[in-house]
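Chemist: below are the sequence and a predicted model for it; my questions follow.
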Amino acid sequence: MARIKSALEIALERTESVKSDKASINLFEAKQKGKKLANKFLDDAEDSELNNNIKKLPKDEQASFKQGIFDVFISALTLPDSEDDLARVERANNGLKEIINNNKFSNLAKQLSQVLRQFMDESAQYQEAIKRQYAPKLKQKEEEISRRIGRPVSLDPFQDPEFVAFYNQNMSAIKTNYSAVIDQVREAAMEFFPA
């Protein structure tokens, strides 16, 4: 009668030939450390020196470490929604300039900073224009609701689904234009990053 094997014994037999590759584990860990450092840099750009930390690592881990940093920074390049977001995106942009270390990319990154500031200004103006344009309709809704319930009502435009749809439709046009610039900088970063 044949002996019945446990699931653990079967799993051990199947993975017997698999050996852990210490080098690839070290590279993975270096990449994770790079991501951690990049996130720290995004939270406080003056708190870390990227290139000094890269030079401290063994030569064979530096590329993975840099790749981890690059991955975090490239994913942080997005259109900002607030001043805090803008500061974070600019820190990512500066971090990319530091690890790529290419004059052409540096010039492009400087232009991106200007474009992001322009986006924030234009976005704020556009939001006010949308609110002004929608104000008569909102006032009409407030009066209608006030008449129904018998007391004055003040509505926040962002609580009105119709306004939100109108707002999103109009803001998407401006975001589409500026997203194209972000995409160009990302492509250039990938081109200039020494992988």
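Modeler: Received it, and whenever you're ready, just let me know what you need.
Chemist: for the strand or helix carrying Leu42, which positions count as buried?
Modeler: Here Leu42 sits within helix 22-43, counting by DSSP states H and E. By 16 or more other C-beta atoms under 10 Å, the buried positions in helix 22-43 come out as Leu27, Ala30, Lys31, Lys33, Gly34, Lys35, Leu37, Ala38, Phe41, Leu42. All C-beta atoms are positioned from the backbone trio N, CA, C, and that covers glycine.
Chemist: settle this for me: the second one is touching Leu57, isn't it.
Modeler: Yes. Between Ala30 and Leu57 there is a contact under C-beta atoms under 8 Å: 6.5 Å.
Chemist: shared neighbours, those two?
Modeler: The overlap between the contact sets of Ala30 and Leu57 (C-beta atoms under 8 Å, 6 or more residues apart in numbering) consists of Phe65.
Chemist: about what we covered before: what's the helix holding Leu42 packed up against?
Modeler: If contacts are counted by 3 or more C-beta pairs under 8 Å, 6 or more residues apart in numbering; DSSP states H and E, helix 22-43 sits against helix 50-55, helix 59-76, helix 83-100.
Chemist: and the gap between Leu77 and Leu108?
Modeler: 12 Å (C-beta to C-beta, to the nearest Å).
Chemist: if you could redo that for Ala173, that was the one I meant.
Modeler: Distance from Ala173 to Leu108, by C-beta to C-beta: 24 Å.
Chemist: which residues do Leu77 and Leu108 both contact?
Modeler: Val185.
Chemist: point out where this structure drops to low pLDDT.
Modeler: Judged by pLDDT under 70, the chain has its weakly predicted residues at 1-3, 15-21, 45-48, 195.
Chemist: list the contacts of the residue nearest in space to the middle of the chain.
Modeler: With distances taken as C-alpha atoms, centre = their mean, Ala76 lies nearest the centre of the chain, 2.8 Å away. Residues near Ala76 by C-beta under 8 Å, 6+ apart: Leu42, Arg88, Val89, Arg91, Ala92.
Chemist: what is the nearest of these to Glu9?
Modeler: Sorting these by distance to Glu9 puts Leu42 at the head of the list, at 47.4 Å, by C-beta to C-beta.
Chemist: from Leu116, how far out is the closest one?
Modeler: On the measure of C-beta to C-beta, Leu42 and Leu116 end up 15 Å apart.
Chemist: and what of Tyr167?
Modeler: The gap separating Tyr167 from Leu116 is 21 Å, by C-beta to C-beta.
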